[in-house]
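Student: predicted coordinates and the sequence they were generated for:
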Amino acid sequence: MHAVMRQPEKAFTLAEILVSITILALLILMVSRLVNSASTIATLGHKRMDADSQVRPILDRIGADLAQMIKRTDVDYYVKSNVDPEIGNDKIAFFCNAGGYYPPTGSQSPISLVAYRINSDNTSSSFNRMQRMGKGLLWNGVSSTNKPLLFGLTAIVNNWPGATDSSTADPDYELIAPQIFRFEYFYLLKSGAISNLPGANGMQDVAAIAVTVAAIDPKSRVLLSDSQIATLIGRLKDFDPAQPIYDLTASWQSALDGITDMPRVAIDGVRIYQRYFYLTPAK
């Protein structure tokens with residue numbers, strides 16, 4: 001009988017197993033980093049789209065209101081001027097050929113009082129968020145309690161204080177942009193100058209109003225307290241007419257880039273927008 005020779009069994013050596021495990025670990029690490037990077041990019045993209053989807057309609061709404069602004073010399077408007085330089089968040093109020101929220105009784109006129117502000121009442125659910133007033137006005141003489149369109153240079157501040165004060169409650173204000181926490185505007189004068197004051201002839205010297213806003217998406221905002229939002233508002237400086245070539249958006253972005261005492265992931269969620277609204281000639 002012939003003896004049967006057993007073939008030696010083939011197997012991986014310990015060194016080969018260790019090399020395989022190392023390569024597998026590296027591959028898993030690379031894939032996880034790719035997934036994390038893709039997830040981060042997708043999250044940032046969603047945040048940007050979320051802010052864009054809210055801010056762009058608001059800027060369109062502001063543009064529609066300004067386009068219908070009544071700019072007669074005998075009709076009042078409340079804007080940034082040497083009377084009120086509006087330090088911090090700005091306010092604007094004017095009579096407008098747009099419908100609003102009308103009283104339940106009385107003949108409705110086609111005129112309303114429109115105002116924009118960032119609510120500064122820290123007891124309000126709209127604190128540090130943008131609101132719009134659309135107060136529909138009645139025709140003269142149809143009501144003894146509801147004010148109609150009034151003429152004169154101080155008509156708005158004397159009769160509708162809520163339109164010129166960011167903390168005064170008024171039922172005709174509505175929350176229109178919970179993501180917008182900073183609101184600033186300045187003027188492009190017909191002379192070509194850029195200023196924080198209208199011209200000597202008031203709004204008749206203004207060719208366009210430039211509106212700049214800062215918005216933060218909801219996921220980023222929850223990482224900041226109300227006091228941090230207030231601090232952030234203060235760091236986004238007002239328009240400075242002392243600088244002849246002043247880029248407000250660049251100034252705000254520079255301030256955001258330099259913030260180190262707040263969660264970086266939240267600050268990266270802040271978006272800045274600016275748009276020029278050209279006005280029709282005053283009548």
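Tutor: Done, it's in.
Student: next up, the contacts around Asn119.
Tutor: 126-131, 166-167, 173, 175 (Cβ atoms under 8 Å, 6 or more residues apart in numbering). The C-beta positions use only the backbone N, C-alpha and C, and glycine is treated the same way.
Student: which one is it nearest to, not counting chain neighbours?
Tutor: Ranked by Cβ to Cβ, 6 or more residues apart in numbering and with sequence neighbours excluded, the top spatial neighbour of Asn119 is Ser126, at 4.2 Å.
Student: look up how far Lys91 lies from that neighbour.
Tutor: Applying Cβ to Cβ, to the nearest Å, the value for Ser126 to Lys91 is 14 Å.
Student: roughly how far does the residue nearest to Asn119 sit from Ile92?
Tutor: 17 Å.
Student: ok, back up a step: which of the contacts of Asn119 lies closest to Ser112?
Tutor: Tyr173 (12.9 Å; Cβ to Cβ).
Student: what sits against the closest residue to the closest one other than its chain neighbours?
Tutor: Spatial nearest neighbour of Tyr173, chain neighbours left out: Gln131 (4.4 Å); criterion: Cβ to Cβ, 6+ apart. Applying Cβ under 8 Å, 6+ apart, we find Gln131 in contact with 116-119, 173-176.
Student: next structured bit after the helix or strand hosting Gln131?
Tutor: In the assignment (DSSP states H and E), Gln131 maps to strand 130-138. Next along the chain after strand 130-138, taking DSSP H and E as the criterion, comes helix 155-159.
Student: show the average pLDDT along that following helix.
Tutor: Averaged over helix 155-159, pLDDT sits at 90.
Student: which elements pack onto it?
Tutor: Applying 3 or more Cβ pairs under 8 Å, 6 or more residues apart in numbering; DSSP states H and E, one finds that helix 155-159 contacts strand 77-78.
Student: got any ranges where the stretch 101-250 of the chain has weak pLDDT?
Tutor: Low-confidence segments of the stretch 101-250 of the chain (pLDDT under 70): 243-245.
Student: which stretches of it form helices?
Tutor: 155-159, 218-221, 226-235, 248-257 (DSSP state H, counting those that start in this stretch).
Student: and Leu66, what element?
Tutor: Going by DSSP H and E, Leu66 is part of helix 14-67.
Student: no no, Phe94
Tutor: Counting by DSSP H and E, Phe94 is part of strand 92-96.
Student: from the contact counts, what lies against that strand?
Tutor: The contact analysis (3+ Cβ pairs under 8 Å, 6+ apart) places strand 92-96 against strand 77-78, strand 108-118.
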